[in-house]
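Undergrad: quick one, what's the 3D model for this:
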Amino acid sequence: MAIMLKFEEREVGKAAAILIPLAALGLAFLVGAFMMLWAGVDPIAGYTAFVTGALGSPGGLTDTLLRMTPFLLMGVGIAFSNRAGVLNIGAEGQYIMGAIAATWVTLALQYVVPAPISVTTAVIMAIIVGAAWATFAGALKAFMGVNEIVTTVIMNWLALRILQWLLRGPLKSPTAQQWPMSPPLEAVYPPLIPGTRLHIGFLIAILAAIASYYLLFHTNTGFKLRVAGQNPAVATYAGYKVRTFFLLSMALSGGLAGLAGAGEVLGVFKFLYEGIAVGLGYTAIIVALVGKNHPIGVIFSAFMFGVIYNGMTYLQAATGLTYTFSKALEGMIYIFVLLAEVLILYRIRVIRVGGE
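TA: Purely as a prediction, here's the structure:
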C-alpha cells in the first residue's frame, strides 16, 4: 500500500492569514534560541541585538528599509507573474542582468553627461534588460510549452556566469587585484534622507508597488491578466490573448527585478562585484508568497524580511557567531515562514493507494 499526500487549495480568514505566519516566526525564533544555546551563545543577547539593531535606532531602521527595497521590487514582480499563472524563479538572474546593465551604462556616461541623465538612462536600461531576460523565458513557455521553472533557473546560472566573466574582463577595474570588481560608479542614486544610506530607490520601490496594485486591481488589463492566470481556458473562451498576458507579466516581473539590481549598484555598493548575487531573488519568491501575491501585502512582507536580513547582521556582530551559522539561522526562519504559508494556502490530505 502506498501513501500519497494531496494538496488542496482552500480559503482562510484574514485573521488566520496574519496569525499563522506570526506563530511560525515565533516558533522559528524559539528554535533559533536553542541553536544559539547549542553554539554557546546567549540567545537573549542575540535577539536583543537583532531587534535594537534592525528597529531600535534611526540608522538601524533606515538600513532595514534599505535592505527591504530589493525584496519589495522583486517580490512585487514575482507577484505579477504568479497572478498570470507563470512561475518566475528567475528574479535572481534578472536582478543580476539589471545590475550589469546599470553598471555598464553608468561607466559609459558618468563623465559625459550630467549625473541625473546618466542615472536615468542606467535605470531605464536595467529595466529593459531585466524585462528582456524574463520575457525570453516567458516566450519559450507561451509559444513552445517549455517549462518556465527550468528555463528561469538555467538563466539564473547563465546570468551569474556572465557576471563572473565581465568582472574578469570588460568590466574589471584596472586597480582591482584579487577581488573581481568594476570601477567605482560616480553618478549614483541621491540619498532619500540626508546623512543615511537610504536612497531614492526606496521611494521608487514603494511607488512601483502602489502602481502595480492599481494596474492589477483597478484596470481592465489587470483584470484580464488575473483571469488568464486563474483559468486560461475561460480567458481564451472570453477572447483574451493569454499568451500576451504571459509575456506581459514576465516583462513586468523581469523589469522590476532589473530595477532592483540597478538600485543595488547605484544606491548601495556603487560598484559591481560578484557578491551582489547573494540569493536575494530566491528570497523574494518567499516574500511574494507571504504577501499573498498582492502588491500592498508584499510591502509589509518585504519589510519583515528586511528586518530579518538586517537584524541578523547585528545578531552576528553581537554574538560572534560565524557568517555561516547566522545565515543558517536566517534560512531556518525563512523555512518556517514558508511552511506556514503552505499550511495556510493548502489543505493536506493523506490518501492510501492500493493494498494487499
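
Undergrad: so what touches stretch 19-33?
TA: Contact partners of stretch 19-33, identified using Cβ atoms under 8 Å, 6 or more residues apart in numbering, comprise 12, 43, 47, 290, 304, 329, 332-333, 335-337, 339-341, 343-344. (C-beta placed from N, C-alpha, C; glycine too.)

Undergrad: just the buried residues of the residues you listed.
TA: Neighbour-count burial (16 or more other Cβ atoms under 10 Å) applied to these gives Pro43, Tyr47, Val290, Met304, Leu329, Ile333, Phe336, Val337, Ala340, Glu341, Leu343, Ile344.

Undergrad: correct me if wrong: the last one contacts Ala17.
TA: Yes - look at Ile344 against Ala17 with Cβ atoms under 8 Å: they come within range, at 5.9 Å.

Undergrad: need the per-residue pLDDT for Ala2.
TA: Looking at Ala2, its pLDDT reads 63.

Undergrad: for Leu315, that is, sorry about that
TA: With respect to pLDDT, Leu315 scores 89.

Undergrad: one more: Ile78?
TA: If you check Ile78, the pLDDT there is 95.

Undergrad: quick one: it from Thr152, how far?
TA: 11 Å (Cβ to Cβ, to the nearest Å).

Undergrad: and for those two, which residues touch both?
TA: Listed as contacting both Ile78 and Thr152 by Cβ under 8 Å, 6+ apart are Asn88.

Undergrad: tell me the contacts of the closest residue to Phe136 other than its chain neighbours?
TA: In space, and not counting its chain neighbours, Phe136 is closest to Met155: 7.5 Å by Cβ to Cβ, 6 or more residues apart in numbering. Contact analysis of Met155 by Cβ under 8 Å, 6+ apart lists Gly90, Gly93, Trp133, Phe136, Ala137.

Undergrad: most surrounded residue in the residues you listed?
TA: Among the contacts of Met155, the one with the most neighbours (other Cβ atoms under 10 Å) is Gly90, at 33 neighbours.

Undergrad: phi first, then psi, for that residue.
TA: phi -100, psi 20 (degrees, to the nearest 10).

Undergrad: ok, it to Val129 distance?
TA: For Gly90, the distance to Val129 (Cβ to Cβ) stands at 13 Å.

Undergrad: hmm, Gly60 is touching Tyr314, no?
TA: Yes - applying Cβ under 8 Å, one finds Gly60 in contact with Tyr314, separated by 7.3 Å.

Undergrad: between these two, which contacts overlap?
TA: Thr52, Gly53, Ala54.

Undergrad: which SS state does the first one fall under?
TA: Here Thr52 is helix, with the state taken from DSSP: H, G, I helix; E, B strand; the rest coil.

Undergrad: mind checking how far it is from Ala317?
TA: With distances taken as Cβ to Cβ, Thr52 is found 12 Å from Ala317.

Undergrad: how many neighbours does Tyr273 have?
TA: 19.

Undergrad: return the residues in contact with the nearest residue to it once chain neighbours are set aside.
TA: Nearest non-adjacent residue to Tyr273, counting by Cβ to Cβ, 6+ apart: Met181, 4.2 Å away. For Met181, the contact set (Cβ under 8 Å, 6+ apart) comprises Leu167, Lys172, Ser173, Phe271, Leu272, Tyr273, Glu274.
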